[in-house]
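In: One predicted model, sequence on top.
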Amino acid sequence: MSEQEMVRSEAPATVEQIAAAMAALGLYDGENTPEEHAAEAARLGGEDAYRVRMVNALLGVVQAEAAMADAVRIDPDAHVAAWEEQLKAAGAGLDDPVRRVEFLRWQVLRAGTPVREMATNHEAGPIPLAAAHTATALHLLLGVIAASQDAVAQGDVETLAAQADQLQAAREALSAAVDNTELLLNMLKSVGL
């Protein structure tokens with residue numbers, strides 16, 4: 001498949017298309033009619049809310065398939081090439097470094113959100129908190145990369161200078177991650193482990 005074939009248009013998929021994709025995977029047993037979708041949209045708070053739910057359900061299914069596929073033993077370079085297909089299909093290929101970094105940043109935000117939720121439970125301990133701080137730092141650093149690449153390309157010194165605050169915030173988050181990791185290491189040492 002060529003890169004041009006894989007990159008879809010910027011127009012969002014309809015709920016009917018999303019439902020059809022889920023049905024093709026055996027995970028949608030509705031009628032896929034406008035009436036059915038209208039009723040579900042009304043139940044969930046509107047068309048946008050419903051579409052977001054449907055897209056995310058499809059994404060979850062596809063991610064589960066990708067996780068199973070990634071478990072197959074193949075050459076590491078083949079895995080990297082396969083992962084590159086995901087970025088190309090998302091329109092985040094090597095030809096657009098800013099879009100690529102912004103897509104990766106979005107993925108980190110999504111992956112980090114449940115970790116941050118887990119960290120709000122004080123009983124979870126310091127390691128989920130360290131992971132949450134690390135995810136926050138990675139999200140911030142990817143934002144700096146995206147802003148800096150664009151700014152360098154345009155000679156925008158002000159934007160580059162403005163990244164200092166983001167870098168400081170990332171540094172503080174990483175420091176908090178280290179502190180929480182040290183906390184658990186010290187607890188383990190105190191009991192002879």
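Out: Received, thanks. What you are looking at is a predicted structure, and each value in this text was computed from that prediction instead of being measured. Numbering: from 1, shown residues only.

In: Quickly find the element holding the closest residue to Ala13 other than its chain neighbours.
Out: Using Cβ to Cβ, 6 or more residues apart in numbering and skipping residues adjacent in sequence, the residue nearest Ala13 is Val55, 7.3 Å away. The C-beta positions use only the backbone N, C-alpha and C, and glycine is treated the same way. If you go by DSSP states H and E, Val55 is part of helix 47-70.

In: What lies in contact with that helix?
Out: Residues outside helix 47-70 that contact it (Cβ atoms under 8 Å, 6 or more residues apart in numbering): 12-13, 15, 18-19, 21-22, 25, 27, 37, 40-41, 44, 79, 82, 86.

In: Pull out the buried positions in that helix.
Out: Within helix 47-70, the residues scored as buried using 16 or more other Cβ atoms under 10 Å are Tyr50, Arg51, Arg53, Met54, Leu58, Val61.

In: Stretch 175-189 too?
Out: The neighbour-count check on stretch 175-189 (16+ other Cβ under 10 Å) flags Ala176, Ala177, Asn180, Thr181 as buried.

In: Go through these and name the one nearest Asn32.
Out: Taking Cβ to Cβ as the measure, Asn32 lies nearest Ala177 of the buried residues of stretch 175-189, at 45.1 Å.

In: now the helix or strand where the closest one lies: how far from the chain's centre is it?
Out: Assignment of secondary structure by DSSP H and E places Ala177 within helix 157-190. From the chain centre to the centre of helix 157-190 is a distance of 21 Å (Cα atoms, centre = their mean, to the nearest Å).

In: about what we covered before: show me which of the buried residues of helix 47-70 is closest to Pro97.
Out: Each of the buried residues of helix 47-70 was checked against Pro97 using Cβ to Cβ; the closest is Leu58, at 27.6 Å.

In: In terms of pLDDT, where does that closest one sit?
Out: Per-residue pLDDT puts Leu58 at 95.

In: quick one: low-confidence parts of this protein?
Out: For the chain, the stretches with pLDDT under 70 are 1-9.

In: List the buried residues of stretch 11-31.
Out: Residues Ala13, Val15, Ile18, Ala19, Ala21, Met22, Tyr28 are the ones in stretch 11-31 that count as buried (16+ other Cβ under 10 Å).

In: make that stretch 81-96, sorry
Out: Neighbour-count burial for stretch 81-96 flags Leu87, Lys88, Ala90, Gly91, Ala92, Gly93 (criterion: 16+ other Cβ under 10 Å).

In: Inside helices: which ones of these?
Out: Here DSSP state H is the test, and these give Leu87, Lys88 as lying in helices.
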